[in-house]
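In: fold the following and give me the result.
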Amino acid sequence: MALGGRAWTWLIYLPCTAASVLFAIVGLVTFGDLAQVQYDDSAGHLGSQLNGAMAATFMAPVITGGLLVMSFFLLIKKSWTRSGAGFSYGWLTSWYAMNSMLVLLTGIVLTANKHWTSTFQSSIKGIWTKSATNAYVATYILAFISCAFQLVMAATLISNRKSFGGAQLTVDELGLSDRLRGPSSSGIPEAGSPASPEFTQPVPATGSARTGAWSTGV
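Out: Prediction:
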């Protein structure tokens, strides 16, 4: 059985949401781990050098969480009411496209700073553990996966935008074709219709026939 546009949209939405939720959770965990070692002397006291990574692991999960909440309610509404795409649908599509770029940048930033995890793990206080390194790595891996899914989701919303519109009835289905056509003003029957009685009466002879009758009378 062929799937419609709305069904395909929801099929893409489910794995996209799952990957995004995992990224948001693990990203916030990594943000907490980075906050603990930012100004720790035994972990290198990187201070402001971690601002970029910390901003990425906080803002991207928070904005992604907002996207997931809004997309769920908006797609539910559009699927139920079939009110058409409209501004909110286009706004959601653009949010998916832009958020994928934000998530991609988060993955790039964390990948560039991966070498710091070995310094953090050698901290005497044991603030940064092996599990923190695993969460760090999982964050940028999930960032790249979420980026791909969100781009696919944006493309899916664009291609299936007509599937969320209301059913359009034709003029014939509404029974308005005869009303719009109206009665014929000239009285001439349409092609294929039986001729009316007024068009079947014999036509009197004219022209040369009358001339002939007069000439014989003379």
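In: what's the mean pLDDT across the helix or strand hosting Gly27?
Out: Applying DSSP states H and E as the criterion places Gly27 in helix 5-37. For helix 5-37, the mean pLDDT works out to 90.
In: isn't Ile145 up against Ala19?
Out: Yes. Here Ile145 reaches Ala19: they are 5.0 Å apart, a contact under Cβ atoms under 8 Å. In this view, the C-beta of every residue, glycine as well, is placed from N, C-alpha and C.
In: okay, now His66: neighbour count?
Out: Residue 66: Gly, not His. 13 (other Cβ atoms under 10 Å).
In: what does stretch 131-147 rub up against?
Out: Residues from elsewhere that reach stretch 131-147, judged by Cβ atoms under 8 Å, 6 or more residues apart in numbering: 16, 19-20, 22-23, 26-27, 29-30, 33, 57, 60, 64, 100-101, 103-104, 106-108, 110-111, 114, 117, 120-121.
In: mind giving me the PyMOL select for those residues, buried ones only?
Out: The following PyMOL line selects those of the contacts of stretch 131-147 that are buried, judged by 16 or more other Cβ atoms under 10 Å:
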select buried, resi 16+19+20+22+23+26+27+29+30+33+57+60+64+100+103+104+106+107+110+117+120+121
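In: below-threshold pLDDT in the protein: ranges please.
Out: Applying pLDDT under 70 to the chain flags the ranges 1-5, 40-47, 82-85, 123-126, 164-218.
In: please repeat the previous calculation with a cut-off of 50.
Out: Applying pLDDT under 50 to the chain picks out residues 1-2, 167-174, 185, 199, 208-218.
In: now do the strands in it.
Out: Ranges of strands within the chain: none, based on DSSP state E.
In: got the residue ranges for the helices in the protein?
Out: Remark: helices assigned in the chain by DSSP state H are 5-37, 51-81, 86-112, 116-121, 130-159, 177-181, 208-217.
In: got the angle for the fifth one vs helix 86-112?
Out: The reference is to helix 130-159. Using axes from the mean of the first three to the mean of the last three Cα atoms, to 10 degrees, the direction of helix 130-159 lies 150 degrees away from that of helix 86-112.
In: give me the angle between helix 130-159 and helix 5-37.
Out: Helix 130-159 runs at 150 degrees relative to helix 5-37, counting by the same axes, to 10 degrees.
In: next, the angle helix 51-81 makes with helix 130-159.
Out: Going by the same axes, to 10 degrees, helix 130-159 is angled at 40 degrees with respect to helix 51-81.
In: what about Gln36, distance to Trp10?
Out: 40 Å (Cβ to Cβ, to the nearest Å).
In: ok, now Gly52?
Out: Gly52 is 36 Å from Trp10, by Cβ to Cβ.
In: and what of Thr57?
Out: Distance of Thr57 to Trp10, given as Cβ to Cβ: 29 Å.
In: give me every residue that touches the residue nearest to Ala97 when sequence neighbours are not counted.
Out: The shortest distance from Ala97 to any non-neighbouring residue, by Cβ to Cβ, 6 or more residues apart in numbering, is to Ala154 (4.2 Å). Listed by Cβ under 8 Å, 6+ apart, the contact partners of Ala154 are 93-94, 96-97, 100.
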